[in-house]
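S.K.: Model the following, please.
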Amino acid sequence: MRTYWNIEKSLKAINEWQPNCWIQVTCPSEDDQRELEERFKIPDYFLPDISDTDERARYEYDDGWMLIILRIPFVKEIRSRTPYTTVPLGIIHKRDVTITVCYYETNMMIDFVSYQQKRGVGFTDYVDMIFRLFLSSAVWYLKRLKQINSLIEKAKHNLDHEVNNASLIGLSRLQDSLTYFITSIRGNENLLQKLKFKLQVDELDADLIEDVNIEMSQARETTNIYSDILESTMDTYSSIINNNINNVMRTLTSASIIMMSGTFIASLLGMNVPNGLEHSHIGFINALIISFAVSLLCWFIMKFKRLI
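M.R.: Predicted structure coming up:
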């Protein structure tokens, strides 16, 4: 889907392309891709690179065209293997053509457009727009991190009442999401540092970059904190599970020893050798009493040693 935006005074949708407008392409169809490649003559490998979900944050130049790939947060289904992940957002620019391409419909881009319309102010130039996209991505990383923290606290609350596989699997999935986040945020930070020297930055852009740096640093530090907390939580519950297993095995072993001692005495007395009980009419009862007494003695000894 293609949307053309006039960005000079305020963000307004227009019906067709005009010089210096913003072309927003979301979930591009074959017609959208053909339009971009044939009408604007962008390099043919730009779109495949942007569509690659594993593409790292980077920039490059080709025949006057500039490609910037930014990693932005994206939410899948909560029950998926990695509910929170990141996807590439491509920014393509040459002279009076500025295009953003994302193969996923993200809340960040919807909010970005809505926020700029509420501001009632357009972008001073394409550089201003690029850095505002960086700022928006940092803000949305922080929003998603708050949601992840809420899920972590909910899982911890459930585990406090009962250690179950569902909560542990949920924590493991969130750990994967945080790994994606920290990798993408670091890539965006490195990209931002390079763009500061590659793009024509004025005083207003410098202030905006400083805001982006602050938000990016906060997002990175918050991700590290949540990752450390989650790792510590997983280790704690893993230790609890191992301790519970050890207690169960110790109890079962003790019970086996107690039962084995009585069985051993009964086996000795039941052997076909003289033992003084073979002619007694209460020999069987005596054997049971001796076996029970030995088992009871073993139980007292283990209880005293706190083995059960």
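S.K.: drop to CA atoms for contacts and neighbour counts, all remaining ones
M.R.: OK.
S.K.: was I right about residue 43 contacting residue 64?
M.R.: No: in this structure residue 43 lies outside contact range of residue 64 using Cα atoms under 8 Å: 10.1 Å.
S.K.: Looking at those two, which one has more neighbours?
M.R.: Taking other Cα atoms under 10 Å, residue 43 and residue 64 do not tie; residue 43 has more neighbours (15 against 10).
S.K.: Name the SS class of that one, please.
M.R.: What DSSP: H, G, I helix; E, B strand; the rest coil gives for residue 43 is coil.
S.K.: Per-residue pLDDT of residue 65, please?
M.R.: Here, the pLDDT recorded for residue 65 equals 92.
S.K.: can you map out the helices along the stretch 1-150 of the chain?
M.R.: Here the stretch 1-150 of the chain has its helices, by DSSP state H, counting those that start in this stretch, at 30-39, 46-51, 107-119, 126-161.
S.K.: Out of these, which gets nearest to residue 101?
M.R.: Residue 101 lies closest, by Cα to Cα, to one member of the helices of the stretch 1-150 of the chain: helix 46-51, at 7.4 Å.
S.K.: Against which helices or strands is that closest one packed?
M.R.: Judged by 3 or more Cα pairs under 8 Å, 6 or more residues apart in numbering; DSSP states H and E, helix 46-51 is in contact with strand 84-94, strand 97-102.
S.K.: May I have the secondary structure class of the residue most central in space within the chain?
M.R.: Nearest residue to the geometric centre of the chain (Cα atoms, centre = their mean): residue 177, 1.0 Å. What three-state DSSP gives for residue 177 is helix.
S.K.: List the residues that contact it.
M.R.: By Cα atoms under 8 Å, 6 or more residues apart in numbering, the contact set of residue 177 is 82, 83, 84, 85.
S.K.: Including distance to residue 197, could these go into CSV?
M.R.: Converted to CSV, the contacts of residue 177 look like this (distance: Cα to Cα, whole Å):
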residue, distance to residue 197
82, 35
83, 35
84, 32
85, 29
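S.K.: mind listing what's buried in the helix or strand hosting residue 189?
M.R.: Under the criterion DSSP states H and E, the helix or strand holding residue 189 is helix 165-198. For helix 165-198, burial by neighbour count (16 or more other Cα atoms under 10 Å) applies to 167-168, 170-178, 180-182, 184-189, 191-192, 195.
S.K.: Check stretch 143-153 too.
M.R.: Going by 16+ other Cα under 10 Å, stretch 143-153 has these buried residues: 144, 145, 148, 149, 151, 152.
S.K.: will you turn those into JSON lines that also has distance to residue 237 and pLDDT?
M.R.: Putting the buried residues of stretch 143-153 into JSON lines (distance: Cα to Cα, whole Å; pLDDT from 0 to 100) gives the following:
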{"residue": "144", "distance to residue 237": "25", "pLDDT": "94"}
{"residue": "145", "distance to residue 237": "22", "pLDDT": "94"}
{"residue": "148", "distance to residue 237": "19", "pLDDT": "91"}
{"residue": "149", "distance to residue 237": "17", "pLDDT": "90"}
{"residue": "151", "distance to residue 237": "16", "pLDDT": "87"}
{"residue": "152", "distance to residue 237": "13", "pLDDT": "86"}
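S.K.: which one of those sits closest to residue 289?
M.R.: residue 152 (56.5 Å).
S.K.: Please report how far the closest one lies from residue 167.
M.R.: As for residue 152, its distance to residue 167 is 9 Å (criterion: Cα to Cα, to the nearest Å).
S.K.: What of residue 129?
M.R.: 41 Å.
S.K.: go on, residue 263?
M.R.: Counting by Cα to Cα, the gap from residue 263 to residue 167 is 43 Å.
S.K.: same thing with residue 189?
M.R.: Distance of residue 189 to residue 167, given as Cα to Cα: 33 Å.
S.K.: Equivalent analysis for residue 125, please.
M.R.: Taking Cα to Cα, one finds residue 125 at 48 Å from residue 167.
S.K.: Buried ones in the helix-or-strand element of the chain with minimal mean pLDDT, by neighbour count?
M.R.: Lowest mean confidence among the helices and strands of the chain (mean pLDDT, DSSP states H and E): helix 283-304, at a mean of 74. Buried residues in helix 283-304, defined by neighbour count with 16+ other Cα under 10 Å: 283, 287, 288, 290, 291, 292, 294, 295, 296, 298, 299, 302.
S.K.: now those residues in TSV, with distance to residue 163?
M.R.: Putting these into TSV (distance: Cα to Cα, whole Å) gives the following:
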residue	distance to residue 163
283	51
287	45
288	42
290	43
291	40
292	38
294	38
295	34
296	34
298	33
299	30
302	29
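S.K.: Of those residues, which is the nearest to residue 110?
M.R.: Taking Cα to Cα as the measure, residue 302 is the one of those closest to residue 110, at 67.2 Å.
S.K.: Show me the shaky parts of the protein.
M.R.: Confidence mapping of the chain against pLDDT under 70 gives the ranges 78-80, 203-204, 262, 265-266, 268-284, 286-287, 305-308.
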